[in-house]
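Novice: sharing a model prediction with you, sequence too.
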Amino acid sequence: MRVLLVEDNQLLAQGVVLSLAKEGIQVDHLCSYNQALAALDNEDFSAIILDLGLPDGNGEDLLKHWRKAGVSLPIIVLTANTDFDTRLNCLDIGADDYLSKPFDVRELVARLRAIVRRQHGLDNNQFSFGALTIDFSCCEVHFREQLINLPRREYQLLLEFAQSAGRVLTRSQLEQLTYGWDEVGSNSIEVHIHHLRKKMAPELIKTVRGIGYILAEIQ
């Protein structure tokens, strides 16, 4: 999962980035309204974490702008303002969730995973697609009722396919979603896909020639 964090408090942002990284979540951090305006033009994210109190603009205006522009990504709003009307207004103009500062990062992670699951129709703690089952609560993968042990990167990659089931993902998209800004080897995605196919089934992840890859529903 790759998320966009728009937060001007550098100390808070650094803590969030490090904490989410431990959970296998890649974070792109921006600290201003103007930087965030164009952030979605050429990048792929699973969700947005948005602070309302930005130095060069209002986070509520940014939220409105994104929703009017047709951005459907799930958005969690962060703010030190605990006023009920502010929370209500954020939800009314398009926020999916709201978290008041200070907060426990574990709660942020849980809320983040929940809104991403809802976005992709994965409302409960389990994803089932043919013979593949992913239990989000314990990060376990089963294929044809057999437990499959996956290292972190392979598990992250499989989650991206699950969250985009039925949609072709390009290699570039997979690199961005799985690695974020981390350095990635020239054939890392292909190697991970090879390992996933070998551990489960060669036809589980299909190659769409000239485009990318898609998760296949097999029994």
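Specialist: Noted; the coordinates are in hand.
Novice: could you pull out the strands in the protein for me?
Specialist: Shown for the chain, the strands assigned by DSSP state E span residues 2-6, 26-30, 47-51, 53-54, 57-58, 75-79, 97-100, 126-129, 132-135, 140-143, 146-148, 205-208, 212-215.
Novice: make a markdown table out of these and add mean neighbour count, mean pLDDT and distance to Asp85.
Specialist: Quick note: C-beta positions are derived from backbone N, CA and C, even for glycine. Listed next are the strands of the chain as a markdown table, based on neighbours: other Cβ atoms under 10 Å; pLDDT from 0 to 100; distance: least, Cβ to Cβ, whole Å:
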| stretch | mean neighbour count | mean pLDDT | distance to Asp85 |
| --- | --- | --- | --- |
| strand 2-6 | 23 | 92 | 22 |
| strand 26-30 | 19 | 91 | 27 |
| strand 47-51 | 23 | 94 | 18 |
| strand 53-54 | 18 | 89 | 16 |
| strand 57-58 | 14 | 90 | 15 |
| strand 75-79 | 23 | 91 | 12 |
| strand 97-100 | 17 | 89 | 12 |
| strand 126-129 | 16 | 81 | 37 |
| strand 132-135 | 20 | 90 | 39 |
| strand 140-143 | 18 | 94 | 42 |
| strand 146-148 | 12 | 95 | 48 |
| strand 205-208 | 14 | 93 | 48 |
| strand 212-215 | 19 | 92 | 43 |
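Novice: distance to Val116 added to the ones you listed, as TSV?
Specialist: Below are these laid out as TSV (distance: least, Cβ to Cβ, whole Å):
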stretch	distance to Val116
strand 2-6	9
strand 26-30	13
strand 47-51	5
strand 53-54	23
strand 57-58	25
strand 75-79	10
strand 97-100	11
strand 126-129	11
strand 132-135	13
strand 140-143	17
strand 146-148	22
strand 205-208	20
strand 212-215	16
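Novice: nearest to Leu40 among the ones you listed would be which one?
Specialist: strand 2-6 (7.5 Å; Cβ to Cβ).
Novice: elements contacting the closest one?
Specialist: Contacts defined by 3 or more Cβ pairs under 8 Å, 6 or more residues apart in numbering; DSSP states H and E place strand 2-6 against helix 10-22, strand 26-30, helix 33-37, strand 47-51, helix 171-179.
Novice: list the buried ones in the first one?
Specialist: For helix 10-22, a neighbour-count test (16 or more other Cβ atoms under 10 Å) marks Leu12, Ala13, Val16, Val17, Ser19, Leu20 as buried.
Novice: pull the helix or strand with minimum mean pLDDT from the chain.
Specialist: Every helix and strand of the chain was ranked by mean pLDDT, DSSP states H and E. The lowest is helix 171-179, at a mean of 79.
Novice: C-alpha coordinates for it, PDB please?
Specialist: What follows is helix 171-179, C-alpha atoms only, in PDB (Å, rounded to 0.1, in the frame of the first residue of the first chain):
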ATOM      1  CA  ARG A 171       4.900  -2.600 -13.800                       C
ATOM      2  CA  SER A 172       5.400   1.100 -13.000                       C
ATOM      3  CA  GLN A 173       2.200   1.100 -10.900                       C
ATOM      4  CA  LEU A 174       3.300  -2.000  -9.000                       C
ATOM      5  CA  GLU A 175       6.700  -0.400  -8.300                       C
ATOM      6  CA  GLN A 176       5.200   2.800  -7.000                       C
ATOM      7  CA  LEU A 177       2.500   1.000  -4.900                       C
ATOM      8  CA  THR A 178       4.900  -1.600  -3.400                       C
ATOM      9  CA  TYR A 179       8.200   0.400  -3.100                       C
END
